[in-house]
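[1] would you be able to build a 3D model of this:
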Amino acid sequence: MRVLVAIEPVDFRQGVDGLARQCRAALSENPFSGAVFVFRNRQRTAVKLLVYDGQGFWLCPSASGLAAAPEGSFAPASFTLAPLLS
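    This is a model prediction of the structure:
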């Protein structure tokens, strides 16, 4: 599975449609490709994951456990992707 990370922050008030437009505009990728798209907010305190599963979009917000990193620093992070339905 491909995971694409947007470097620039996005406005989290955008919904699925706005983030899908960002996939095309900023990442030059098809949001319907099945890849996981990772977006962050301006404060670097939250991320949103967007993925298309063949039937619709999943939008997964997360803010827990993230710490703001100083501009230009490297802040390693790990994400575990697990199926939501078995």
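[2] how many other residues sit next to the closest residue to Met1 other than its chain neighbours?
    The shortest distance from Met1 to any non-neighbouring residue, by Cβ to Cβ, 6 or more residues apart in numbering, is to Val36 (6.3 Å). Backbone N, C-alpha and C define where each C-beta goes, glycine included. For Val36, the count of nearby residues is 18 (other Cβ atoms under 10 Å).
[3] quickly note the distance from Val36 to Val3.
    5 Å (Cβ to Cβ, to the nearest Å).
[4] so which strand or helix has the residue nearest in space to the middle of the chain?
    Nearest to the mean C-alpha position of the chain, by Cα atoms, centre = their mean, lies Val38 at 2.0 Å. Assigned by DSSP states H and E, Val38 belongs to strand 36-40.
[5] quick one: strands adjacent to the following helix or strand past that strand?
    Counting by DSSP H and E, the next helix or strand C-terminal to strand 36-40 is strand 47-52. In the sheet, strand 47-52 lines up against strand 36-40 (antiparallel), strand 57-62 (antiparallel) (DSSP bridges).
[6] counting neighbours, what do you get for the nearest residue to Gln22 once chain neighbours are set aside?
    Nearest residue to Gln22 in three dimensions, chain neighbours excluded: Val10, at 5.7 Å (Cβ to Cβ, 6+ apart). Close neighbours of Val10, defined as other Cβ under 10 Å, add up to 16.
[7] show me what contacts Val10?
    18-19, 22, 39-41, 48 (Cβ atoms under 8 Å, 6 or more residues apart in numbering).
[8] which parts of this structure are helices?
    16-25 (DSSP state H).
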